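A.B. asks: just the structure for this:
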Amino acid sequence: MLLRILAPRAGGLRGTFQLLSAARLRPLVRFNSQVPETSGPKQNLPSQGEWKHLKQHIPGEAVQTNELRGRIPKFPLGKENVPTLLPRPGVPRVGPNMTFRQVIQILKGKKQPELIYEAEPHRLYFLACACVAVVFTVYGCVLVEYAWFKSNKDYHENVDELDEMHRKQQRLFTFLENASLGSIALFTAYHFATFPTRLVRRMWYLPGPVEHIKFTSYPLIPGRPTPVFTVPLQHLERRHKARVWTGKGFYGTADKSYFFFALKDMVGDRTWIVDRSGFFWSDGRVFDFLFGKESMADAEAGIPYDEKIGMLNREVHLKKKELRKKYGIFYRFRLGAEEMKKDAKVIGSYVKLLNKPPDNLPKK
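C.D. replies: Presented below is the predicted three-dimensional model:
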């Protein structure tokens, strides 16, 4: 009987609690019904095609070919002067948080070959060299043809009435005399035609007990394999007066008068051309330290050779000004007279020393 009375009450209490719980949770469920979105914006990563295009502008990532179309410039030619290479990620730069000495220590501490230079496309070099080579080739051929014509003309006319042997000798001498200028023109054309084979495309620093520099150039004939050269660092030097660092441009290597600098192989007796508008590891002072054989302080200062001469001239001018103020306008004669007095005293003391009898001789 008791169970029959309590059973409906228990069921009613359970239903009451269920209704209250549902009534309380309903507004909470409605308030949090939407899932919150991420607070940070989504990063738009480059697609595969965009990344492939971007790699063409990162030093060391693009594949360099030797096809003929890679040597033909695009018109208008002003596009060829626009830089196409981006700074290489991870390369340290001298600044408030890093000194030049620390940059050199990072380079010296490398365990793997490090790309330190990559040139912009050399299409304008190919165009200029090809045009100049064609011009000198035409000049050389015309001069050689004129020498052949002149020698044969003198041979057949025989104005001096020489015998056959002397006529042939005269024809040979006349040809060589007139063909000398043509040979010089052809020699110049050959050097301009082979000039692109001395252009440096990429350059690596190879660490080790004996440091080496590896670089690539262009083959003379398009389509041939890329020439690779490895030279000890101590054998490569730049000209003493031609500093790489100018303080102008992104890498501090821009120069209005000289758009390239040369590296001389002291053992192989060959010169390599490095364009100033390419990618440089850190900046141009690193190359002055490596190839200029300068001290750490001189390379970090980056004072050009002409500026050093100017500083010395200014110091000499200030010193002369001080001497003129101290001794008058004839300071040179007064200083010369003082030097003569000093020399006279030295000579007098030397003469007295010679006339003085020696003390170590035995007594009679």
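
A.B. asks: my guess is residue 251 meets residue 280, correct?
C.D. replies: Yes - contact criterion Cβ atoms under 8 Å: residue 251 and residue 280 qualify, at 4.1 Å. All C-beta spots, glycine's among them, are computed from the backbone N, C-alpha and C.

A.B. asks: and the gap between residue 203 and residue 342?
C.D. replies: 56 Å (Cβ to Cβ, to the nearest Å).

A.B. asks: between these two, who's got more neighbours?
C.D. replies: Comparing residue 203 with residue 342 by other Cβ atoms under 10 Å, the one with more neighbours is residue 203, at 25 against 10.

A.B. asks: assign a three-state SS to the nearest residue to the more buried one once chain neighbours are set aside, would you?
C.D. replies: Of all residues not flanking residue 203 in the chain, residue 117 sits nearest, at 3.8 Å (Cβ to Cβ, 6 or more residues apart in numbering). When classified by DSSP: H, G, I helix; E, B strand; the rest coil, residue 117 comes out as strand.

A.B. asks: cool, the one 4 residues further on as well?
C.D. replies: Here residue 121 is coil, with the state taken from three-state DSSP.

A.B. asks: of residue 251 and residue 280, give the one with the bigger neighbour count.
C.D. replies: Shown here are residue 251 and residue 280; by other Cβ under 10 Å, residue 280 has more neighbours (27 against 24).

A.B. asks: pairing partners for the more buried one in the sheet, please.
C.D. replies: Beta bridges link residue 280 to residue 117, judged by DSSP bridges.

A.B. asks: just checking, it touches residue 291?
C.D. replies: No - assessed by Cβ under 8 Å, residue 280 is found out of contact with residue 291, at 12.0 Å.

A.B. asks: isn't there a strand covering residue 298?
C.D. replies: No - Residue 298 is assigned helix when assessed by three-state DSSP, not a strand.

A.B. asks: list the contacts of it.
C.D. replies: Taking Cβ atoms under 8 Å, 6 or more residues apart in numbering, we find residue 298 in contact with residue 288.

A.B. asks: which residue ranges of the stretch 251-364 of the chain form helices?
C.D. replies: Along the stretch 251-364 of the chain, counting by DSSP state H, counting those that start in this stretch, helices occupy 284-291, 296-301, 305-327, 331-355.

A.B. asks: could you dump those helices into TSV and include distance to residue 103 and mean pLDDT?
C.D. replies: Output for those, formatted as TSV (distance: least, Cβ to Cβ, whole Å; pLDDT from 0 to 100):
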stretch	distance to residue 103	mean pLDDT
helix 284-291	7	93
helix 296-301	9	86
helix 305-327	23	77
helix 331-355	47	78
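
A.B. asks: so which of those is the most packed in?
C.D. replies: helix 284-291 (a mean of 23; mean count of other Cβ atoms under 10 Å).

A.B. asks: list the contacts of that helix.
C.D. replies: Under the criterion Cβ under 8 Å, 6+ apart, residues 94, 100, 103-104, 107, 116-117, 205, 213, 233, 236-238, 243-246, 251-253, 263, 280, 294, 296, 298-300, 302 lie in contact with helix 284-291.

A.B. asks: ok, stretch 169-177 next?
C.D. replies: By Cβ under 8 Å, 6+ apart, the list of residues contacting stretch 169-177 reads 147, 148, 150, 151, 152, 154, 155, 160, 162.

A.B. asks: what residues are shared contacts of residue 280 and residue 291?
C.D. replies: In contact with both residue 280 and residue 291: residue 244, using Cβ under 8 Å, 6+ apart.

A.B. asks: one step back: so which of the contacts of stretch 169-177 is the closest to residue 327?
C.D. replies: The closest of those to residue 327 turns out to be residue 147 (Cβ to Cβ; 68.2 Å).
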